[in-house]
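Enquirer: Sequence and predicted structure, then a few things I'm wondering about:
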Amino acid sequence: MATLRLILLWHQHQPFYKDLVTGEYRLPWVRLHALKDYYGMVKLLDEFPKVHQNFNLVPSLMVQIQDYVDGTAKDPFLAVASKPAKDLSEEERRFALQYLFQANPQNVIGRYPRYRELWERFREHGDHPERAERYFQPKDFTDLQVLSQLAWFDEFFLEEKDIASLVAKGRNYSLDDQKFVIARERELIGKVLPAHAEAAKKGSIEISATPFFHPILPLVCDTNAGAASSPGLSLPQNRFRHPEDAREQLTRALDLHQKVFGVRPKGIWPSEGSVSEEVLAIANSLGIQWMATDEGVLGRSSGVFFARDGNGRLPANLAERLYNIHRYEKGQTAMHMVFRDHTISDLIGFVYSGMAPKDAANHLLNNVKEAAKPVLEKGRDAVVSIILDGENAWEYYPKSGREFLRRFYDALQREPGLEAVTISEAIARHKDFGKLTSLVPGSWISANFNVWIGAPEDNRAWDYLYNAREFYAQNAARAGEAERKLAFDEIFISEGSDWNWWYGPEHHSANDRDFDELYRKHLSNVYQALGANPPDYLAQPITGAEVRPSFVPQTAYIHPRITGDKVRYFEWMGAAAYTADHRAGSMHGKQFLLDAVYAGIDATQLYGRLDFTGKAPDADFEIVVNVESWAQGESRPRRALRVDASAHEHKLKEWKIESADGRVLASPATSDDNVKLALLRSFEFKLPLAWLLANPTSSTAQPSANPKPATGVAATTKVRLRYSLWENRLPVDSLPLEGWIELQVLSEGDLLFGA
């Protein structure tokens, strides 16, 4: 009887926040996620001995965790949380207000009534620390200091009697309570790495590694790999090519894992699933037996596109290809390759948090079984790989998603014919490996490297790294051993993927400036360690250095939930994006209310999103989105729609979607599941794409419960959108300021690979 083997790999990673020169941490996320996620994710498996899993631990994360355990980490966020509230300076109080509310409003802050009360007070004053600070008394700050830490405690830690009693107290915390919480943090963080070591020793998990400072190895080997996966991509002025650095990043990773866990990893999840043939050759020479990446890389390397039907299922021939372990062989290089199911992995990351835990667990199990069914029916074993971030998703689940995971794991170990295994176990039990003789460079995002290279900010960052690397090569020999080591470590840190993740148009957060400054600080430290002054350009921000606005076309189908919560940027990955130029008119006193707009399609829907500069306006306002579809060669739009939404006190008051002739196509009274609008931190909407693709004389401009797929509609070649914000019946801001944001109407395969 054929067996279904499920591979679950959780990737545990945070950027390297520590400045090696000052020893100070720029951001607190290593400490907070070490409190909240890492321990419980692996400890949970004690309850399910038949469920074996894989945990990928990034070495630079391990080093930072140990720094906190040793008590040597200089964390200004922890210092502010630790200081008696009455002794906080004005600057420290504002710092506390700015950073101690950086958590999920519903599941982290909202879980604790007093924490939410303080957060809402902060929001009442515009999320501005300098405005809100005077409305917070010392007792408020003490409660904020305590609760902002407790809110990140793991579910297992919250069950401990002394911590549970502190949570139950709820408010009016004392200085002794504050000291207790801070003291326990170090103790609890100290449990993280031993818990992984214990689980690995029992055989419950396999621990894999990532290159030490999480670099995109193919780009470290050669930045020209960016154009290999995206022909025509703009590249940095200087070609960065240091395969020896890639080798050393891997070697250091393997050495640290062996030192900490006593075992050398057999496999790696390369940073962001980034692979190339050059990387595989280096990994093979270091004794690595398996590597994992995304299905998109397999698709490009095999010349296929993993197109799913309306239920998310692959046809039998594609299921057989994906749900397998592959063996790459070329020259002297041999490597087992595991390819993640992108769709199922994303369900855990982005969808199941919005479902009841029981329903989500059942849906996931059925999804895995149905995905593998075409392979099993042919009498062949199937290997389904689910790989995703092991920390960030859980903020969106109640109580860190533990009920969902428990229900899923329990169902797994009860399911006949299904094994949840480590990757090495899967390889050992597998018989019929897929064959690969070539590999197209790519990552887990669209099977290319466009997030990390190609945009002006990205390329500038690579050029600055190139200059620092060249300076090191020319001057290191004249420096002392300690100085050389420090400079080289700073180069390795600067090669990490996290800096360029935030450069360019794809991703933004409240900490963009922090990441930019920390990256430039690491590069500056290279020069200082070698006795030289850093170049003047390292004093200038990379973020925003390029003239905005910028437009990025759609690169993949998107399927976002319409929630109005712009924190969920992964769901909009691949959408067309247009960012505003906030500098061009700032000297003339222009008020900028809109920061960026997004648009994208899938087979049946059009999606749109508008991000405000800061938060939504306090006054009543109206958002208008003009939408047009165009056919090639025609002089007027084929169809035109208008999305009209009014807001009062930051909430949607009324909305409608109407056609060019004034017919109302949808409103709150008539809409169905295919039409939705939401306003929270951003404004989002979706509507049936068929409304725009139909012939102007067609009657299909009415709401449909089953909109037809967009593919095959030859007449319409593009859809374009323009957003505007109105107050008192006057337009006060718009994006794009001139022109439109445009989408090409293509099948998903054509969009990914070029029509």
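Expert: Here it is on my side, so go on.
Enquirer: Can you pull up the most central residue in this structure?
Expert: Phe570 (5.3 Å; Cα atoms, centre = their mean).
Enquirer: Run a quick neighbour tally on the residue nearest to it when sequence neighbours are not counted.
Expert: Among residues not flanking Phe570 along the chain, Phe350 sits closest, at 6.2 Å (Cβ to Cβ, 6 or more residues apart in numbering). From N, CA and C alone the C-beta is placed, and that goes for glycine too. Residues near Phe350, counting by other Cβ atoms under 10 Å, number 18.
Enquirer: The helix or strand Glu120 falls within packs against which elements?
Expert: Using DSSP states H and E, Glu120 maps to helix 113-124. If you count contacts as 3 or more Cβ pairs under 8 Å, 6 or more residues apart in numbering; DSSP states H and E, helix 113-124 packs onto helix 129-132, helix 138-150.
Enquirer: Run through the residues that contact Ser446.
Expert: When contacts are counted by Cβ atoms under 8 Å, 6 or more residues apart in numbering, Ser446 touches 296, 555-556, 574, 752.
Enquirer: Show me the helices in the stretch 601-750 of the chain, by range?
Expert: 690-693, 748-753 (DSSP state H, counting those that start in this stretch).
Enquirer: So which of the ones you listed is the most surrounded?
Expert: helix 690-693 (a mean of 25; mean count of other Cβ atoms under 10 Å).
Enquirer: So, low pLDDT: which residues of the protein?
Expert: Residue ranges of the chain with pLDDT under 70: 544-550, 566-567, 569, 581-592, 671, 694-716, 729-731, 738, 753-755.
Enquirer: okay, now the domains of it?
Expert: As assigned by automatic domain parsing, the chain contains the domains 456-539, 550-753.
Enquirer: Let me have those domains in JSON lines, extended by distance to Gln145.
Expert: Converted to JSON lines, these look like this (distance: least, Cβ to Cβ, whole Å):
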{"stretch": "domain 456-539", "distance to Gln145": "20"}
{"stretch": "domain 550-753", "distance to Gln145": "24"}
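Enquirer: that older thread, the residue nearest to the centre of the chain reaches Ser353, doesn't it?
Expert: No: checked against Cβ atoms under 8 Å, the pair Phe570 and Ser353 is beyond contact range at 12.0 Å.
Enquirer: Now for Pro637: which residues touch it?
Expert: Residues near Pro637 by Cβ under 8 Å, 6+ apart: 628-630.
Enquirer: For those, give me a markdown table that also has distance to Ile205 and neighbour count.
Expert: Converted to a markdown table, the contacts of Pro637 look like this (distance: Cβ to Cβ, whole Å; neighbours: other Cβ atoms under 10 Å):
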| residue | distance to Ile205 | neighbour count |
| --- | --- | --- |
| Glu628 | 53 | 19 |
| Ser629 | 51 | 25 |
| Trp630 | 53 | 22 |
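Enquirer: Show only the entries of the residues you listed found in strands.
Expert: 628-630 (DSSP state E).
Enquirer: so which of these comes closest to Ile741?
Expert: Checking these against Ile741 by Cβ to Cβ gives Glu628 as the nearest, at 11.2 Å.
Enquirer: May I have the beta-bridge partners of that closest one?
Expert: When assigned by DSSP bridges, Glu628 has beta-bridge partners Ala640, Arg720.
Enquirer: didn't Asp512 look like it was pressed against Tyr519?
Expert: No: under the criterion of Cβ under 8 Å, Asp512 makes no contact with Tyr519, lying 11.0 Å away.
Enquirer: which of the two has more neighbours?
Expert: The neighbour comparison of Asp512 against Tyr519 (other Cβ under 10 Å) goes to Tyr519, with 25 against 15.
Enquirer: Name the nearest residue to Val108, ignoring sequence neighbours.
Expert: Closest to Val108 by Cβ to Cβ, 6+ apart is Ala151, at 4.9 Å.
Enquirer: The one you found: neighbour count?
Expert: Neighbour number of Ala151 under other Cβ under 10 Å is 22.
Enquirer: give me every residue that touches it.
Expert: 103, 108-109, 111-112, 115.
Enquirer: could those go into CSV alongside neighbour count and distance to Tyr17?
Expert: Formatted as CSV, the contacts of Ala151 follow (neighbours: other Cβ atoms under 10 Å; distance: Cβ to Cβ, whole Å):
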residue, neighbour count, distance to Tyr17
Ala103, 20, 17
Val108, 23, 20
Ile109, 22, 22
Arg111, 18, 25
Tyr112, 20, 25
Tyr115, 25, 24
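Enquirer: Great, nothing more from me.
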